[in-house]
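A.B. asks: Build me a structure from this.
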Amino acid sequence: MKCLVLSFASTILATSPTGAFALDVDTTGSRVAINNRSLKKSKSKKFKSSVTSSPTSTCDTLENGSEVYISTPNEEVELKQEAVIDTATCEYKISISFKVNEEYTFLSNDFENFELEPGDDQNLFGMDPAKHARLCNREGRLEDGGPDIYWEREGLDNPFPPDHVPVLSAQNHVGLNKYFKDYSFKNEFSKKTLKKTGYQTVTLGGSPCGTVTPPFPQYSVHFYSKSIDFLNSMTCVSGGGFFCKPQTEQCSESGRKFNLDGEGLPKCKDAPLGGPPVYQNVPRGTIWTTDGNPANGISIGTPGMGLHGANFGDDHFVNDQRIPVNFMLNYDKEVIGNHILIWGGWAKGLGKPDANEYVNEIPEYNCPTADKSYLANKSIVEFDHASKRTTISIAGPLKDCSGVSYREVLDYTKKGKQAKKGKKGKKGKY
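C.D. replies: Numbering: from 1, shown residues only. A predicted model of the protein is given here:
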């Protein structure tokens, strides 16, 4: 098996398709250069979060997590959202499709023809990796994550010591970042479809810089059992970035409900004694990325999304980061959704291991409860080379098999016209 550097822990790593390479960090500022040397060990500096350093900071000013999220019109990517309800087979299929917006920086890069390094068969960035890292990191990417435990475990100097002036701020100033941001699309299904499938909201995010986990252009699709309003209420102390600070820095009820320390997350009662935790209502092999967990050491909780759960044995982590990966989402000790992440090259027709389709048969769920019987058992990523559209779907059993089959569509493929079934389309609802 190839040596694995978990991208969830690679706060200062940039990635190649099948591995990682080190960053040279200038601790006098926020710029970072990159090369292919090994990381040097050094005595770790004690790190204090810049989020809590201001004597005038309050929980209200710290809890935003929205600086990087840009609410974007569905028309910009010709978004189409669909639910197919088949009562005869008692199954659903929920999907979202889009086209690359060629004006979106980095997401529209030429991943296929960019000059490659010797031995590489494709470029994750579609550009010079050092330039990508420099532009993204100087807008605050390296500030987003990296608590004490990461630097101490790796024996590395913290690139942002306590006297560093952060690029990201504790206050909300949406729209200032040119690169380190997320084009965000949120839409709800009807109450009828929620009752049938258990899913209410679908979101699409396009991230030119990615995140610290992993740091390349990417798209994320989330399928939630909660409403947009509920998701917007899920705030945490984040410093304006993608990720919540550790549980000990959360100062409100909404922040503590991310359960970043793992306390109280439901586990299977019949799990083997002495073994790793077996969590309830997640696919076999999935663990929650809590503070100090043994897989990657840091928690991955995201404002408006929840705490992430991952199976670090998946092909994406072990073999090739261009392969789509599935995550689970938790908030307030409840599984609230599924998350599929894809490399940006997928939306340019360069998917791996097959450029047309990738199907992931989701393993059976650990000690499932009756109220979560609807959770998806399959995810599908597809690219149509004729229309140049990317479609990401989940499928699973209906909660209610009665009545007639139907199809529900939200369609923004024709620019300038009101979406079908979309009288409330501007608010992302049917």
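A.B. asks: Show me what whichever strand or helix holds residue 380 is in contact with.
C.D. replies: Secondary-structure assignment from DSSP states H and E places residue 380 in strand 378-384. By C-beta atoms under 8 Å, 6 or more residues apart in numbering, the residues outside strand 378-384 that reach it are 95, 324, 326, 338, 340, 342, 346-347, 349, 351, 355-362, 389-396. C-beta coordinates here come from the backbone N, C-alpha and C atoms, glycine included.
A.B. asks: before we move on, what about stretch 218-232?
C.D. replies: 94, 96, 107, 186, 188, 198-207, 210, 304-305, 329, 331, 336-344, 346-347, 376, 390, 392, 394, 428-429.
A.B. asks: Buried residues, the strand holding residue 380. List them.
C.D. replies: Across strand 378-384, burial judged by 16 or more other C-beta atoms under 10 Å covers 379-383.
A.B. asks: Go ahead and produce PDB holding the CA coordinates of that strand.
C.D. replies: Extracted as PDB, the C-alpha positions of strand 378-384 are listed here (Å, rounded to 0.1, in the frame of the first residue of the first chain):
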ATOM      1  CA  LYS A 378     -25.200   4.600  -3.100                       C
ATOM      2  CA  SER A 379     -23.600   7.700  -4.500                       C
ATOM      3  CA  ILE A 380     -22.900   8.400  -8.200                       C
ATOM      4  CA  VAL A 381     -20.700  10.900  -9.900                       C
ATOM      5  CA  GLU A 382     -21.200  11.300 -13.700                       C
ATOM      6  CA  PHE A 383     -19.900  13.500 -16.500                       C
ATOM      7  CA  ASP A 384     -21.600  13.900 -19.800                       C
END
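A.B. asks: Output the contacting helices and strands for whichever helix or strand comes after that strand.
C.D. replies: Using DSSP H and E, the helix or strand that follows strand 378-384 in sequence is strand 389-397. Counting by 3 or more C-beta pairs under 8 Å, 6 or more residues apart in numbering; DSSP states H and E, the packing neighbours recorded for strand 389-397 are strand 91-99, strand 218-224, strand 334-343, strand 378-384.
A.B. asks: Select, out of these, the one closest to residue 239.
C.D. replies: strand 218-224 (20.1 Å; C-beta to C-beta).
A.B. asks: Parallel or antiparallel, list what pairs with the closest one.
C.D. replies: Take DSSP bridges as the rule and strand 218-224 pairs in its sheet with strand 201-207 (antiparallel), strand 334-343 (antiparallel).
A.B. asks: mind putting those in TSV, distance to residue 132 and mean neighbour count included?
C.D. replies: Output for the strands paired with strand 218-224, formatted as TSV (distance: least, C-beta to C-beta, whole Å; neighbours: other C-beta atoms under 10 Å):
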stretch	distance to residue 132	mean neighbour count
strand 201-207	12	24
strand 334-343	13	24
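A.B. asks: Quick one: the strands in the stretch 151-300 of the chain, in order.
C.D. replies: Shown for the stretch 151-300 of the chain, the strands assigned by DSSP state E, counting those that start in this stretch span residues 182-188, 201-207, 218-224, 287-288.
A.B. asks: Nearest to residue 366, out of the ones you listed?
C.D. replies: Here strand 287-288 is closest among these (C-beta to C-beta), at 10.6 Å.
A.B. asks: Quick one: mean pLDDT for the helix or strand following the closest one?
C.D. replies: Downstream of strand 287-288, the next assigned helix or strand under DSSP H and E is strand 301-302. Across strand 301-302, the average pLDDT comes to 92.
A.B. asks: The chain should start at 30 in everything you say after this.
C.D. replies: All set: I'll call the first residue 30, so the last point we hit is now strand 330-331.
A.B. asks: quick one: the following helix or strand past strand 330-331 to chain centroid distance?
C.D. replies: Once the chain leaves strand 330-331, the next helix or strand it forms, by DSSP H and E, is strand 335-339. Relative to the centre of its chain, strand 335-339 is centred 9 Å away, using C-alpha atoms, centre = their mean, to the nearest Å.
A.B. asks: Equivalent analysis for stretch 156-174, please.
C.D. replies: 17 Å.
A.B. asks: Equivalent analysis for stretch 152-165, please.
C.D. replies: With C-alpha atoms, centre = their mean, you get 19 Å for stretch 152-165.
A.B. asks: Counting neighbours, which bits of it end up buried?
C.D. replies: 152-156, 158-159, 161-165.
A.B. asks: Need the distance between the two termini of that stretch.
C.D. replies: Start to finish, the residues bounding stretch 152-165 are 17 Å apart (C-alpha to C-alpha, to the nearest Å).
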